[in-house]
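Student: Compute the structure for the input listed below.
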Amino acid sequence: MSRRNRHFQLLLSCLAFLAFLLAGCGKDAAPPRQGPQVTVEGGEGAGEKVTVEGEEGQSDIEVTQAEPSEEALGIPFYPGAEVVPGSGLSSRTVQGEKTLETLQAELTTPDAFKKVVSWYRNRLGQPLEETAEGATWVIREESETVRSVMVEPGEGKTSIKVLKISGDLDIDIQGQSP
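Tutor: Residues are numbered from 1 along each chain as shown. The predicted structure follows:
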């Protein structure tokens, strides 16, 4: 797995952990439960439907191809950056009355990593984390929306990954109460 993909998965894990913490706020800890049952329909990535059934109910997750835009993601695109074909994905998770939606895109630019980071710093403020291997911003809004930007250097290009998560951030994707 590439360093870039590890960082993106780390960010997604952090956001999932944030949702888990928010779901557990004010609740007593529950004993561990048996794992959920997972069913996958359709192809890999876009057009895939995943059903997760646990002790507390069922979650349906649908992933579709999406045309990413600054307006839809709520994050400015670096000037001249190009959207990586096929990187625009949308997902919708439904569990009972709760819904969680995500939208993501990856962009690339030939501009230097430090220049791209500086541009985003001027628009989004200080990143949550900044190293020679990447910079990450996470913006939590009052409207149950979390947006993130991850900038990483690459061979001859800089990668920019943008993610928007909105809806019921306390949804329990495993179908179990925390």
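
Student: could you give me the average pLDDT of the lengthiest strand in the chain?
Tutor: Determined from DSSP state E, the single longest strand within the chain is strand 98-109. The average of the pLDDT scores along strand 98-109 is 92.

Student: strands paired with it, and their directions?
Tutor: strand 82-83 (antiparallel), strand 89-95 (antiparallel), strand 158-167 (antiparallel) (DSSP bridges).

Student: tilt between the helix or strand that comes right after it and strand 98-109?
Tutor: Following strand 98-109 in sequence order, the next helix or strand is helix 113-124 (DSSP states H and E). Helix 113-124 and strand 98-109 are oriented at 140 degrees to each other (axes from the mean of the first three to the mean of the last three Cα atoms, to 10 degrees).

Student: ok, and what's touching helix 113-124?
Tutor: 75-76, 78-79, 109, 127, 130, 135, 137, 139, 149, 151-153, 158, 160 (Cβ atoms under 8 Å, 6 or more residues apart in numbering). Every C-beta, even on glycine, is put in place using the N, C-alpha and C of the backbone.

Student: Type out the ChimeraX command that picks the buried ones from these.
Tutor: Listed next is the ChimeraX selection for buried residues among those, using 16 or more other Cβ atoms under 10 Å:
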select :75,78,109,127,135,137,149,151,152,153,158,160
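
Student: For the contacts of helix 113-124, which two are the farthest from each other?
Tutor: Ile139 and Pro153 (22.1 Å; Cβ to Cβ).

Student: So what pairs up with the nearest residue to Lys161 once chain neighbours are set aside in the strands?
Tutor: Nearest residue to Lys161, sequence neighbours excluded (Cβ to Cβ, 6 or more residues apart in numbering): Met150, at 4.5 Å. Legend: beta-bridge partners of Met150 under DSSP bridges are Thr136, Lys161.
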